[in-house]
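Trainee: turn this into a structure:
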Amino acid sequence: MKEFGIDCKFNILGPNKPALPQKEALGLNLKPGEHVKVFQDGIIMKGTVVYDEQLPQMYQWYVNLD
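Mentor: The predicted model follows:
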């Protein structure tokens with residue numbers, strides 16, 4: 001399971017769906033449906049990577065937190 005830092009304030013879709021910059025998502029070789037661990041300020045959360053091409057580019061990749 002991949003683990004990486006995320007900015008939970010970048011969440012136009014809601015507090016449990018922080019967005020990922022496209023460059024970061026591609027750089028980490030993330031796949032839609034992949035289960036990941038994300039962290040911010042020492043707090044670790046689990047979630048699922050989502051890609052939605054209908055959203056503006058800056059919000060297409062996000063993590064749906066459990």
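
Trainee: what's the spacing between Ala19 and Met58?
Mentor: In this view, Ala19 and Met58 are 7 Å apart by C-beta to C-beta, to the nearest Å. Where you see a C-beta, it was placed from the backbone N, CA and C, and this is true even at glycine.

Trainee: can you point out the buried residues in stretch 12-19?
Mentor: Buried residues in stretch 12-19, counted by 16 or more other C-beta atoms under 10 Å: Lys17, Pro18, Ala19.

Trainee: dump these into TSV; add pLDDT and secondary structure as well.
Mentor: Listed next are the buried residues of stretch 12-19 as TSV, based on pLDDT from 0 to 100; DSSP: H, G, I helix; E, B strand; the rest coil:
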residue	pLDDT	secondary structure
Lys17	94	coil
Pro18	94	coil
Ala19	93	strand
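
Trainee: what ranges does the chain have for its strands?
Mentor: 2-5, 19-20, 35-40, 43-51, 61-65 (DSSP state E).

Trainee: kindly format the C-alpha coordinates of stretch 9-17 as CSV.
Mentor: Extracted in CSV, the C-alpha atoms of stretch 9-17 (Å, rounded to 0.1, in the frame of the first residue of the first chain):
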residue,chain,number,x,y,z
LYS,A,9,-7.5,21.5,3.0
PHE,A,10,-7.5,21.1,-0.8
ASN,A,11,-10.9,19.5,-0.8
ILE,A,12,-13.5,21.3,-2.9
LEU,A,13,-15.5,18.0,-3.0
GLY,A,14,-15.8,17.7,0.8
PRO,A,15,-13.7,17.2,3.8
ASN,A,16,-13.2,13.4,3.2
LYS,A,17,-12.1,13.9,-0.5
